[in-house]
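Q: let me see the structure of the following:
(one chain, ligands or ions: 1)
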Amino acid sequence: MERIRITGGRVLTGKIRPAAAKNSVLPLLAASLLCAKPCVLRGVPRLSDVDASLALLRAVGANPVRRGPDILLPPAAVTGRVPPELAGAMRGSVFYLAPLLVRAGTVEMPLPGGCRLGPRPIDIHLAGLGAMGAEITEEEGAVRLSCPGGLKGTEFVLRLPSVGATLTLLMAAACARGITVLRGAACEPEIADTAAFLRMAGAEIEGAGTPVITVRGSDGPLPGGGVHLPLPDRIAAATYAAAAAVAGGRVTVEQCRPGHLASFLRFLRTAGCEVSAGPDSFTVVRDPETPLWGGIRLCTGAWPGFATDTAPLAAAVLLQAGGESRIHDALFQNRFACADGFAAMGAKVHADGRDLHIWGGARLHGAAVNAPDLRGGAALVLAGLAARGTTIVADPGHIRRGYQDLAADLKTLGAHCASLKTISDATRKTVGAMQMR
Ligand code: EPU
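A: Down below sits the predicted model:
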């Protein structure tokens with residue numbers, strides 16, 4: 001198991017650039033199956049979810065090729081059978097439902113895996129595909145879809161603005177017969193990015209990024225392909241911003257879209273950080289000697305609300321603030337599994353269902369903790385930046401799903417931080433001693 005070791009107390013300074021957004025890259029890899037001509041995704045980070053997507057593409061018959069930071073995606077004939085171990089490896093496997101249905105006519109797929117953030121049904125994906133003519137059977141944790149007559153355009157209202165379901169239905173609609181109108185669609189930036197990719201390949205889409213999306217389908221695969229540079233990762237950008245707030249110092253995040261994390265930057269200002277933003281970079285400054293302001297209430301929501309993925313990062317910041325703060329996650333039931341790790345480091349926190357209560361200002365100390373999920377794991381690494389002594393975050397693979405090398409990123413900013421891929425005897429002794437405490 002990988003471990004990240006952080007020794008707290010270093011002020012951060014420097015510049016950093018986020019990689020391409022995981023949550024754009026994953027649907028884009030799936031969407032490449034819809035294109036009749038070759039596609040290239042540029043600047044794709046080496047994340048384990050990307051590796052799992054490439055394995056899934058190969059398993060269904062495609063032939064993606066990694067060339068340095070780029071991924072080449074030649075057109076291929078595919079089957080609709082997704083191996084269980086690949087479907088279970090990540091939530092992103094759900095993005096293959098629509099492309100495989102379009103290209104293979106049938107899909108058989110175990111239900112997708114991913115972070116254990118609470119129940120993550122796919123009923124909206126299935127209801128939308130059903131409305132477009134798919135025949136669906138669900139049995140024993142797997143789903144089977146077929147569409148002998150092809151998908152047809154329809155008007156469909158999403159019962160809630162699911163990011164994943166909006167992407168599924170956008171991809172399906174792009175290749176359906178006739179016009180589809182999606183109402184109540186998610187508006188996250190990754191939706192507009194996927195729409196831009198599909199448009200590049202010949203799709204006719206209007207309104208992506210708004211609650212009403214209209215698509216004129218191509219009645220089969222999209223005629224084109226092309227080269228696409230996915231969006232910069234707004235959650236990685238928020239992670240670096242949060243690191244500056246937790247550790248103190250001055251960090252500039254370059255080549256990003258500050259507007260895509262506006263609610264997080266507003267939160268940092270409210271907590272007492274100095275934040276200045278331009279069109280494609282922002283800087284967070286915090287004097288490590290001055291405590292942050294707590295007494296903050298945050299509630300996550302769909303775009304443009306406070307992003308659920310940034311909630312654990314905000315919690316790591318609020319541990320440094322005086323007073324009682326509370327974060328409510330409106331999207332997922334179990335967003336705050338990282339609370340146990342915070343508590344092991346001396347934080348006064350209490351997770352109560354969707355709510356995290358934080359009594360900030362407690363002096364944190366190093367501890368051996370476990371990453372419970374991707375963003376919770378990142379938040380524990382951030383908390384370690386402010387802890388006295390050494391923190392070891394044991395990670396069974398969650399953090400690599402979303403950050404190519406979080407420890408290396410923080411190290412470039414001056415953190416005392418390393419990723420321990422093989423655990424040394426010295427570290428084993430340290431972890432053992434910490435776990436005895
Ligand atoms: N939902 C349903 N039925 C559905 C689909 C969703 O009830 O058919 C519910 C979910 O259970 C959840 C809510 O709707 O309570 C929102 O889920 P959504 O579909 O919007 O999320 P997702 O597509 O499963 C993506 C990201 C998540 C991110 C959320 C919200 C990917 C692979 N994942 O998940 O990212 O938290 O949108 O923005 O794109 C992460 O990066 O760590 C991560 C979890």
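Q: switch to C-alpha atoms for all contacts and neighbour counts from now on
A: Noted.
Q: which residues of the stretch 201-350 of the chain lie near the ligand?
A: By Cα under 6 Å from any ligand atom, the residues of the stretch 201-350 of the chain that approach the ligand are Thr308, Asp309, Leu331, Phe332.
Q: give the contact list for the closest residue to the ligand within the stretch 301-437 of the chain.
A: Residue of the stretch 301-437 of the chain nearest the ligand, by Cα to the nearest ligand atom: Leu331 (4.4 Å). With contact set as Cα atoms under 8 Å, 6 or more residues apart in numbering, Leu331 has these partners: Thr300, Gly301, Ala302, Thr308.
Q: check those residues and tell me the two furthest apart.
A: Spatially, the most separated pair among these is Ala302 and Thr308, at 8.0 Å (Cα to Cα).
Q: who has more neighbours, those two?
A: Thr308 (22 against 17; other Cα atoms under 10 Å).
Q: the spatially closest residue to the more buried one that is not a sequence neighbour: neighbour count?
A: Computed as Cα to Cα, 6 or more residues apart in numbering, the closest residue to Thr308 that is not its neighbour in sequence is Thr300, at 5.2 Å. By other Cα under 10 Å, 20 other residues sit near Thr300.
Q: kindly state the domain boundaries assigned to this protein.
A: Segmentation of the chain into domains, based on automatic domain parsing, reads 3-19+232-435, 22-217.
Q: chain center to the longest one: distance?
A: The offset between the C-alpha centroid of domain 3-19+232-435 and the centroid of the whole chain comes to 15 Å, using Cα atoms, centre = their mean, to the nearest Å.
Q: please apply the same query to stretch 202-215.
A: With Cα atoms, centre = their mean as the basis, the distance from the averaged C-alpha position of stretch 202-215 to the chain average is 22 Å.
Q: what sits up against it?
A: With contacts defined as Cα under 8 Å, 6+ apart, stretch 202-215 is touched by 170, 173-175, 179-189, 191-192, 195, 199, 216-218, 222-225.
Q: helices and strands around whichever strand or helix holds Val275, which ones?
A: Element membership of Val275, judged by DSSP states H and E, is strand 274-277. Using 3 or more Cα pairs under 8 Å, 6 or more residues apart in numbering; DSSP states H and E, the elements in contact with strand 274-277 are helix 262-270, strand 282-286.
Q: which of these is buried the deepest?
A: Stretch with highest mean neighbour count among the helices and strands packed on strand 274-277: strand 282-286 (a mean of 23; mean count of other Cα atoms under 10 Å).
Q: ok, back up a step: now do the contacts for the residue nearest to Thr308.
A: Thr300 makes contacts with Phe306, Ala307, Thr308, Ala311, Ile327, His328, Asp329, Ala330, Leu331, as judged by Cα under 8 Å, 6+ apart.
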